[in-house]
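Asker: build me a structure from this.
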Amino acid sequence: MMIVSEDSSVHKIPIGFALANCSNVPTDKVFEFIAEHWENAQLYTLRPGSGRKAAIDVFTVISLSDAGSITSIAGILWMAYDKFIQPRKNGVDDSAGIYISVNCADGTAVDVHFGKDVLDSDEFVRGFEVIVEEVSDPDLSESNQKIVDEVEDTGEWIKR
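Answerer: Modelled structure (predicted):
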């Protein structure tokens, strides 16, 4: 699943998502919930039978012009966790949650697994804002656009 900005001249930040350790959670419903609450979402999922194994189920692309909505986006993600994942957790040691990965300028990724590493909504929102700020480096524009192009143009992902 991917959410894409219409303006290709704006620096875009692709953020990958996956449900982690959530075998008893309806994945499609989680991502449908996020899309319904996230205005102008365009969703892309990996094409079944593509032969590709992906660690990331969902990508969202945030344009820097949307920076004011980062807190809102984080809130929607937390609401999805709170509605679908948290009620199905089996105790404190259950690591079910949403895994987020964002590429950095040095080729590494910033990852957070909320529901495991982060258990508080305020902490998640603050952390998400910091992650987006860290990866807003204009030097990432070209590498980020390659990720967007791969999802939109390779045929391995389908728009929902």
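Asker: ok, which stretches of this protein are strands?
Answerer: Assigned by DSSP state E, the chain shows strands spanning 12-20, 44-46, 58-63, 97-103, 109-114, 157-159.
Asker: let me have those strands in TSV, extended by mean pLDDT, distance to residue 128 and mean neighbour count.
Answerer: Where you see a C-beta, it was placed from the backbone N, CA and C, and this is true even at glycine. Shown next, in TSV, are the strands of the chain (pLDDT from 0 to 100; distance: least, CB to CB, whole Å; neighbours: other CB atoms under 10 Å):
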stretch	mean pLDDT	distance to residue 128	mean neighbour count
strand 12-20	82	9	22
strand 44-46	74	21	19
strand 58-63	72	10	22
strand 97-103	86	8	23
strand 109-114	86	7	17
strand 157-159	75	24	16
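Asker: just put these in a markdown table and tack on distance to residue 143.
Answerer: Putting those into a markdown table (distance: least, CB to CB, whole Å) gives the following:
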| stretch | distance to residue 143 |
| --- | --- |
| strand 12-20 | 9 |
| strand 44-46 | 18 |
| strand 58-63 | 13 |
| strand 97-103 | 6 |
| strand 109-114 | 11 |
| strand 157-159 | 18 |
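Asker: ok, which of those strands comes nearest residue 90?
Answerer: Nearest to residue 90 among the strands of the chain is strand 97-103 (12.9 Å), distances taken as CB to CB.
Asker: quick one, the closest one and strand 109-114 angle?
Answerer: Strand 97-103 runs at 170 degrees relative to strand 109-114, counting by axes from the mean of the first three to the mean of the last three CA atoms, to 10 degrees.
Asker: give me the sheet partners of strand 97-103 and which way each runs.
Answerer: Using DSSP bridges, the strands paired with strand 97-103 in its sheet are strand 12-20 (antiparallel), strand 109-114 (antiparallel).
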